[in-house]
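In: Here's my sequence, what's the structure:
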Amino acid sequence: MNSSRPLQRRQFVLGAAGAAALAATSTLLPSRALANGYAERPITFICPWPAGGTADQSMRTLCTVAGRILGQAVAVENRAGASGMIGSKALASARPDGYTIGQIPISVTRFSQLGTLQADPRKDFTYLARTSGQTFGIAVPADSRFKTLQDFVQHAKANPGQVTYAHAGVGGATHVGMEEFASVAGIRLNHVPFKGGAEALQGVLGGHVDALADSSSWAPHVEAGKLRLLATWGEQRTARFKDTPTLRELGYDVVVDAPNGIGAPKGLDPAIAAKLREAFRQAVASPEFKAVADRLDAPLLYLDGPDYEKYVNTVYAKETVLIDKLKLRELMKS
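Out: From the prediction side, this is the model:
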């Protein structure tokens, strides 16, 4: 009797180990099966900006290339408004099945704290890739009295609140970047919000606003002689507009690049997330995307999903400080 107990115990341990292994395998099988079957139908890509803007152009190219890699169309759906937050909220609220993905503006780190976005970017998204930055700048009509940024600042100082500028939405990168510049320059400007960069551009071209603060929607119009570029906001001058100084060069310590990123709702199956991460990694590295990025003066700033998530968390902490420094809560109410 006693001699059989070790054997029984050994059989029990082996049986328990086998059951545990079977259970672990069974939990992995659904994930693998989902990934192997993905994608079986077209994928919706939410772009939180109007059609025609710089972000929209770059995202459409990425989606075309990623769609070829995934073997399914990635269809762009524009859901503009609230400085990109309508689309961001729609993405956060979507079913996490891999068939709804979208652009995540880095400004989600700011708007979630200001209450415009009812989602927490630290936990409500699955991050897939950071793609490229943006070249922001201040442009004025070619016939403007402002020949240089110094002219712009001097006139604004002499006429507080009288100089107007168009931007893509209250609290967005162009609005906050311009207000940060104004704070450093010691001037007060009158901001005019639009639904996106494309509409803001038309406001300036139509003569309704004195200046434009935007990413490179102004570029072809500067080259055509319709607009004058006073300054760019990057770390260094752009190759395309090498004669235009940066804000920092002109003595204003302000740098804005606002990288674009791609994500999905939280809860996305890790195996599907890995497949999407790889598709967009290849898409960012493609000649098609590089050509569009060069045309838009958008530096490639690729990060894989996990590293992009870390970056978002870092920016979130910085935005907490910036919100108080620029009194953004008060600006949002004005």
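In: which residues of the stretch 51-200 of the chain fall in helices?
Out: Using DSSP state H, counting those that start in this stretch, the helices of the stretch 51-200 of the chain run over 54-70, 85-93, 108-114, 149-158, 173-185, 197-205.
In: Just say which of these is most tucked in.
Out: helix 108-114 (a mean of 24; mean count of other C-beta atoms under 10 Å). Every C-beta, even on glycine, is put in place using the N, C-alpha and C of the backbone.
In: what's the closest of the helices of the stretch 51-200 of the chain to residue 287?
Out: Nearest to residue 287, of all the helices of the stretch 51-200 of the chain, is helix 54-70, at 9.3 Å by C-beta to C-beta.
In: what is the mean pLDDT for the closest one?
Out: Model confidence over helix 54-70, given as mean pLDDT, is 95.
In: Can you tell me what sits against it?
Out: Taking C-beta atoms under 8 Å, 6 or more residues apart in numbering as the criterion, the residues outside helix 54-70 that touch it are 38-39, 43, 45, 47, 49-50, 73-76, 78, 103, 105, 131-132, 134, 197, 215-217, 260, 262, 275-276, 278-280, 282-284, 286, 288-289, 292-293, 296, 298.
In: on that earlier part again, switch the helices of the stretch 51-200 of the chain over to TSV; also include distance to residue 239.
Out: Shown next, in TSV, are those (distance: least, C-beta to C-beta, whole Å):
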stretch	distance to residue 239
helix 54-70	17
helix 85-93	31
helix 108-114	29
helix 149-158	20
helix 173-185	21
helix 197-205	21
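In: so which of those helices comes closest to residue 313?
Out: Of all these, it is helix 108-114 that lies closest to residue 313, at 8.5 Å by C-beta to C-beta.
In: Can you show me the CA trace of the closest one as CSV?
Out: Only the C-alpha atoms of helix 108-114 are listed here, as CSV (Å, rounded to 0.1, in the frame of the first residue of the first chain):
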residue,chain,number,x,y,z
VAL,A,108,-4.8,63.8,-26.4
THR,A,109,-2.3,64.2,-23.5
ARG,A,110,-3.4,67.8,-23.1
PHE,A,111,-7.2,67.6,-23.9
SER,A,112,-7.7,64.7,-21.6
GLN,A,113,-6.5,66.9,-18.7
LEU,A,114,-8.5,69.9,-19.9
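In: where's that helix relative to the chain centroid, distance-wise?
Out: Relative to the centre of its chain, helix 108-114 is centred 13 Å away, using C-alpha atoms, centre = their mean, to the nearest Å.
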